[in-house]
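1. sequence and predicted structure below; questions after.
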Amino acid sequence: MEDLSLSVKNLNKYFYEPQTFHVLKDISFDIKKGEFLALTGKSGSGKSTLLYILSTMDTAYDGSLTINGEVLTGKPQNELAAFRNEHIGFVFQFHYLLPEFSALDNVMLPALKLEKRPVEEIKEKALENLKLLGIEDQALKSASKLSGGQQQRVAIARALINEPAIIMGDEPTGNLDSKNTRIVFDIFRELAAERGQTIIAVTHDDDFADNCDRTLELMDGKLIFQ
Ligand SMILES: Nc1ncnc2c1ncn2[C@@H]1O[C@H](COP(=O)(O)OP(=O)(O)OP(=O)(O)O)[C@@H](O)[C@H]1O
């Protein structure tokens, strides 16, 4: 289907250490292009585990994952890495910024890797993204010298740099105060509505989830509500 962004079918995942544990139980759902979706559930229900599979970073699962019409299950790691860099923007719970590099360099990096645009254009876009997130004045500071909330905003600016079809966030507003949570929420809402980018955000924030287009709720590894 043309407007389908992501589809998972009969997804099951087990951890085998310290003992066998069925962490995701027969999960199936579809997400449309441009949907803004919250992934909720109690601590330990499997949200991060599911998000890592959706983002193609974890390939140890049963079932199938399709993004933008491309079946990704079973693809070799190098092809998945290239697919991720081009099509998925990811905001991690722990930012994984390169600490010695400036905020600007961190934002530019995924675009430099893609080698599709001239450096000047990438720099301009990176500065534009930092401005969008209200931290352009921090552009030249090294990431290690930024506060947690500033680092989180750099991570979001970086996730947007390649204009990915899907943006996935694990608690993307977890370190932000209510004002900056609102700013990030509004940015996501606009990206989804106006550019057709799909957003999937793990969140514990009920207000955030209530304002998304749809909520997927996990309980003990099962999808109990969508
Ligand atoms: N590598 C692993 N090996 C074994 N068990 C794991 C592993 N990673 C996670 N788990 C377990 O799987 C379950 C789901 O973990 P997950 O991190 O997906 O939960 P979550 O819903 O994201 O929780 P939180 O809201 O606290 O971040 C938990 O019981 C956790 O202890």
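-> Received it, and whenever you're ready, just let me know what you need.
2. all contacts plus neighbour counts: C-alpha atoms, from now on.
-> Fine.
3. before we move on, what SS does residue 51 have?
-> Put simply, residue 51 is helix when judged by DSSP: H, G, I helix; E, B strand; the rest coil.
4. meant to ask about residue 179, not that
-> Residue 179 falls in the helix class when you classify it by three-state DSSP.
5. now do the one 5 residues further on
-> The local conformation at residue 184, judged by three-state DSSP, is helix.
6. can you count the residues close to it?
-> Residue 184 has 19 neighbours, counted by other C-alpha atoms under 10 Å.
7. gap between it and residue 160?
-> Distance, residue 184 to residue 160, by C-alpha to C-alpha, to the nearest Å: 12 Å.
8. cool, and residue 76?
-> 25 Å.
9. of these two, which one has the most company?
-> Under the neighbour definition other C-alpha under 10 Å, residue 76 and residue 160 were set side by side, and residue 160 has more, 24 against 10.
10. nearest residue to that one in space, please, no chain neighbours.
-> Leaving aside its chain neighbours, residue 160 sits nearest to residue 89 (6.1 Å; criterion: C-alpha to C-alpha, 6 or more residues apart in numbering).
11. who's in contact with the most centrally placed residue in the chain?
-> Among the residues of the chain, the one closest to the centroid is residue 168, at 1.6 Å (C-alpha atoms, centre = their mean). Residues in contact with residue 168 (C-alpha atoms under 8 Å, 6 or more residues apart in numbering) are 51, 55, 88, 89, 90, 91, 199, 200, 201.
12. ok, those residues vs residue 72, which is closest?
-> residue 55 (10.2 Å; C-alpha to C-alpha).
13. quick one: neighbours of that closest one, just the number.
-> 22.
14. and the pLDDT at it?
-> With respect to pLDDT, residue 55 has a value of 94.
15. sort out which of the contacts of residue 168 are in helices and list them.
-> residue 51 (DSSP state H).
16. output the contacts of residue 168 as TSV; include the columns distance to residue 8.
-> Output for the contacts of residue 168, formatted as TSV (distance: C-alpha to C-alpha, whole Å):
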residue	distance to residue 8
51	12
55	12
88	16
89	19
90	18
91	21
199	16
200	14
201	16
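17. and which of the contacts of residue 168 is nearest the ligand?
-> The ligand lies nearest to residue 51 out of these, by C-alpha to the nearest ligand atom, at 8.0 Å.
18. which residues touch the closest one?
-> By C-alpha under 8 Å, 6+ apart, the contact set of residue 51 is 168, 170, 202.
19. what do you get for residue 18?
-> Contact analysis of residue 18 by C-alpha under 8 Å, 6+ apart lists nothing.
20. could you do residue 37 as well?
-> Taking C-alpha under 8 Å, 6+ apart, one finds 198, 199, 200, 201, 209, 212, 213, 214, 215, 216 in contact with residue 37.
21. alpha carbons of the host helix or strand of it, as PDB, please.
-> In this structure, residue 37 sits in strand 36-41 according to DSSP states H and E. Taking Å, rounded to 0.1, in the frame of the first residue of the first chain, the C-alpha atoms of strand 36-41 are listed here in PDB:
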ATOM      1  CA  PHE A  36       2.600  10.600  14.900                       C
ATOM      2  CA  LEU A  37       2.500   7.600  17.300                       C
ATOM      3  CA  ALA A  38       3.200   7.100  21.000                       C
ATOM      4  CA  LEU A  39       4.500   3.800  22.300                       C
ATOM      5  CA  THR A  40       3.500   3.400  25.900                       C
ATOM      6  CA  GLY A  41       3.500   0.800  28.700                       C
END
